[in-house]
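[1] turn this into a model:
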Amino acid sequence: MKEIQKRVLMELIGNCKRSDRELAKALDISQPTVTRVRTWLEKNNFIREYTIIPKFSKVGLEMIAFTFFKIRVGATKETLIEIRRKTEEFLKNHPNIILALRGEGMGADGIIVSLHKDFASFTQFMRELKTETVNTEVTGNFLASLKATEQYRCLTLQPLKEYIENIKGEEEEETCQEE
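    Next up, the predicted model:
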């Protein structure tokens, strides 16, 4: 990735609703260059989507759930194929799931992050998760209120810009030290 591509991407992470003209001015480059770079970033999957992050409680979502699950031991290749098919179907039927990943830790090998209207809708979601998925067990949940007035940090990607830029700086330092 070229430096100009990184700079445009970082600006978009910080605020994706800025126009190409605004980005060009902020980066001191031409607007056609920004448009060409943005198109390249989209085509090469550096940008998957442009979206907003609403204040969830204002749109009727009161809670976020982190659900940890484990695929039961002894799953055959055929069972794993069925698990994948059922999981994909479950994810398709539950648009309140904002993230689902395989991983390791806390006795689980996967996590689902979902948003819910209230505790009753979360309970219904859990019933469906247990009945509509195959050969998996829920190992734990962490629930948090989206209406609570005291939060450590609401969901935002803006600090990520600085974090990525710091990573890049550290990589450049290591490269210089190796030479």
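[2] so what's Met126 up against?
    Counting by Cβ atoms under 8 Å, 6 or more residues apart in numbering, Met126 makes contact with 67, 138, 141. C-beta: built from backbone N, CA, C; applies to glycine.
[3] again, only using 10 Å
    Shown in contact with Met126 (Cβ atoms under 10 Å, 6 or more residues apart in numbering): 65, 67, 114, 116, 138, 141.
[4] for the residues you listed, which one is nearest Glu150?
    Glu150 has its nearest neighbour among the contacts of Met126 in Ala65, at 19.2 Å by Cβ to Cβ.
[5] quick check: the farthest pair among the contacts of Met126?
    Maximum distance among these (Cβ to Cβ): 15.0 Å, for His116 and Val138.
[6] pLDDT-wise, which helix or strand of this structure ranks last?
    One helix or strand of the chain scores below all others by mean pLDDT, DSSP states H and E: helix 158-178, with a mean of 72.
[7] ok, back up a step: compare His116 and Val138 (neighbour count), which wins?
    Using other Cβ atoms under 10 Å, the more surrounded residue of His116 and Val138 is His116, with 22 against 16.
[8] picking up where we left off before, out of the contacts of Met126, list just those in helices.
    Among the contacts of Met126, DSSP state H puts none in helices.
[9] and the least confident of the residues you listed?
    Among these, Val138 has the lowest pLDDT, at 91.
[10] got a list of what that one touches?
    67-70, 108, 110, 112, 126, 129-130.
[11] swap in 7 Å and give it another go.
    67, 69, 129-130 (Cβ atoms under 7 Å, 6 or more residues apart in numbering).
[12] any of those residues buried? List them.
    Among those, those that count as buried by neighbour count (16 or more other Cβ atoms under 10 Å) are 67, 69, 129.
[13] will you turn the residues you listed into a markdown table that also has distance to Leu12?
    What follows is the buried ones among the contacts of Val138, written out as a markdown table (distance: Cβ to Cβ, whole Å):
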| residue | distance to Leu12 |
| --- | --- |
| Thr67 | 31 |
| Phe69 | 33 |
| Leu129 | 34 |
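[14] ok, those vs Lys6, which is closest?
    Out of the buried ones among the contacts of Val138, the member with the shortest distance to Lys6 (by Cβ to Cβ) is Thr67, at 35.0 Å.
[15] now the spatially closest residue to the closest one that is not a sequence neighbour: which helix or strand?
    Take Thr67 and drop its neighbours on the chain: the residue closest to it by Cβ to Cβ, 6 or more residues apart in numbering is Ile112, 4.5 Å away. Per DSSP states H and E, Ile112 falls inside strand 108-116.
[16] circling back: among the contacts of Met126, which one lies nearest to Met1?
    Nearest to Met1, judged by Cβ to Cβ, of these is Ser114 at 32.8 Å.
[17] quick one: the closest one from Lys161, how far?
    26 Å (Cβ to Cβ, to the nearest Å).
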